[in-house]
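Peer 1: how does the following fold in three dimensions:
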Amino acid sequence: MLVLIITSLLLSLWFFRKNFKDGPLWMLGTYLGIGLLLWTDYQSVFVASEALPRIIRDFLLLGMVGFIQSLAVNKRISVWVAIPLILFIFALAHFLEFEAPGENKTFTDGLQTTMPIDYDEDGEFLVEIKQGQAGEAFRADAVSRGWTPRSAFLPADGQSTSLDDYFVLDVEDVQSAAEILQNLPSVAYFEPNEVIQLSPMELNEVAPKTGTRSSLSINDPFTDQQWAMGVLKMDEYYRLLSTKSPVKIARIAILDTGIDSQHEDLSDNYFSIDTKYDNDPMGHGTHCAGIAAGTTNNGIGIGSLAGSGDQPFVEITGIKVLNAAGMGTQKSIIAGIIEAVDEGVDIISLSLGGPSNGSRQKAYSQAVKYAHDHGAIVIAAAGNSNADAFNYAPANATGMITVSALDQYLLRAPFSNKVDRLQRGIAAPGVGIYSTTPNSTYKVFSGTSMACPFVAGLIGVMKSIDPELNAEEAYDILQQTGLDVADGKVTGRVVQPAAALRAIGN
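Peer 2: Predicted coordinates for the structure are as follows:
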């Protein structure tokens, strides 16, 4: 808006001075102002196409202002009529702003959607106070307004992140609270603390038969129901892995509904952070755990990315960020990422998320950065809405490796979100995936939730061989060694475990 006003003033001076020697100077200034206006509108959003409505709006307004100014210069109307008309146009422009209210304190990055916001009723906002501001002062101010503030996150290394400057805020009226937060000098940023709900799991009664069991060098009896074994060339992977030695046992954390730690095909690879995470009333987390790190070549159940033999490469744990109904919040998920990092895990797998409303990716991005700064790699599911994962969180968080889902024909699953507009999109099997479920059972689920742990398990083994491997390096290897497929433009390449291992070396 400020650039529009400046450009309009330059236009006025050009009109009024065009018959004087300095007329060309003001004309040049007007053109520079128009150029600055174009640049500002283009830079105001992340995607170039989304700048077009702003550019059209501003040029229409500038044209209207110029028309009124020309009438005044040619004495068709008086200056005293022109001035209130122009002021009215600028007032109208204020109400035609395309940014959401509070643009200077929310991180939009072009991610606005029309999805309704489902606020957590126990804490509707995540609020970051400005660095140097006393948390106690904000807390006292909030309490005086009838709000209930609580520290949101407690990272062990608070000096390396601003996440310890966040509060979760319980308010009575969301709209009025947002207006107040927008104008509080102590507030750097705020966003909705939204409720996250797992998509209903697609349960397939029968997994696609593969006929690959006899060709595998592992003895797990249910591998004939794991079609991914063939397309991922898992026997080549297992044979190659048998020639490798782990430098460390990489730790994988599944942030989900918990994991059945006593499952017959998981217990040998499981370590516990907290006993409250060692059960899974829903089954989603246990299914993901089996894909990433089910015990392999033990004569029981399924094979996984964890590898075969007596020499372990990875171990797995659960952190509950979702309840028994598959519901959680941004706060619970981010707190889970922080907890995993502080517990020293190497890989964090997030088979969860939802549509991104406005600013909701900033805190996620800060959590991913906290993980990266402490040597952990974070992987997320792309989402199951047949949409653009660019508009889904935490899939769209900065630095995230995001996984789309393919079927047994290596085509994009009909439900899978697309990842072509993300920085680190990759693909893995996600339809008819046979894996572990609570009480030592096995079922077939479909979803990007199933694709995500394929990548998490593989990167875990890669990091076991090369502990210094970071997220950027891991993704580059997956991308360079991945398989091109028909839908690869929107799904990314399909991970190829054996080729990725060769790229790691030893």
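Peer 1: so where's the stretch 151-300 of the chain uncertain?
Peer 2: Within the stretch 151-300 of the chain, the stretches with pLDDT under 70 are 199-214.
Peer 1: apply 90 and report the result again.
Peer 2: For the stretch 151-300 of the chain, applying pLDDT under 90 flags the ranges 183, 185, 196-217.
Peer 1: can you pull out the helices in it?
Peer 2: For the stretch 151-300 of the chain, applying DSSP state H, counting those that start in this stretch gives helices covering 174-183, 228-231, 234-241, 284-293.
Peer 1: to E472, which of those helices lies closest?
Peer 2: helix 284-293 (21.0 Å; Cβ to Cβ). All C-beta atoms are positioned from the backbone trio N, CA, C, and that covers glycine.
Peer 1: any idea which helix or strand comes after the closest one?
Peer 2: The element immediately downstream of helix 284-293 (helix or strand, assigned by DSSP states H and E) is strand 314-320.
Peer 1: helices or strands up against that following strand?
Peer 2: For strand 314-320, the packing partners by 3 or more Cβ pairs under 8 Å, 6 or more residues apart in numbering; DSSP states H and E come out as strand 250-256, helix 284-293, helix 330-342, helix 448-465.
Peer 1: quick one: which of these is nearest S267?
Peer 2: Comparing the helices and strands packed on strand 314-320 by Cβ to Cβ, helix 284-293 comes nearest, at 10.8 Å.
Peer 1: let's see that closest one as PDB, backbone CA atoms only.
Peer 2: These are the backbone C-alpha positions of helix 284-293, laid out as PDB (Å, rounded to 0.1, in the frame of the first residue of the first chain):
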ATOM      1  CA  HIS A 284      -1.400 -46.600  12.700                       C
ATOM      2  CA  GLY A 285       2.000 -46.100  14.300                       C
ATOM      3  CA  THR A 286       2.600 -49.900  14.600                       C
ATOM      4  CA  HIS A 287       1.900 -50.300  10.900                       C
ATOM      5  CA  CYS A 288       4.400 -47.600  10.000                       C
ATOM      6  CA  ALA A 289       7.000 -49.000  12.400                       C
ATOM      7  CA  GLY A 290       6.900 -52.400  10.700                       C
ATOM      8  CA  ILE A 291       7.600 -50.900   7.200                       C
ATOM      9  CA  ALA A 292      10.600 -48.900   8.500                       C
ATOM     10  CA  ALA A 293      12.200 -51.400  10.900                       C
END
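Peer 1: centre of the chain versus it, how much separation?
Peer 2: Averaging C-alpha positions (Cα atoms, centre = their mean, to the nearest Å) puts helix 284-293 20 Å from its chain's average.
Peer 1: quick one on the thing from earlier: and the helices and strands packed on strand 314-320 as JSON lines, adding distance to S272?
Peer 2: Putting those into JSON lines (distance: least, Cβ to Cβ, whole Å) gives the following:
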{"stretch": "strand 250-256", "distance to S272": "11"}
{"stretch": "helix 284-293", "distance to S272": "13"}
{"stretch": "helix 330-342", "distance to S272": "13"}
{"stretch": "helix 448-465", "distance to S272": "17"}
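Peer 1: deepest-packed of the ones you listed, please.
Peer 2: For those, the largest average neighbour count (mean count of other Cβ atoms under 10 Å) is found in helix 284-293, namely a mean of 32.
Peer 1: format the helices of the stretch 151-300 of the chain as CSV; extra columns: distance to L469.
Peer 2: Converted to CSV, the helices of the stretch 151-300 of the chain look like this (distance: least, Cβ to Cβ, whole Å):
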stretch, distance to L469
helix 174-183, 40
helix 228-231, 23
helix 234-241, 16
helix 284-293, 16
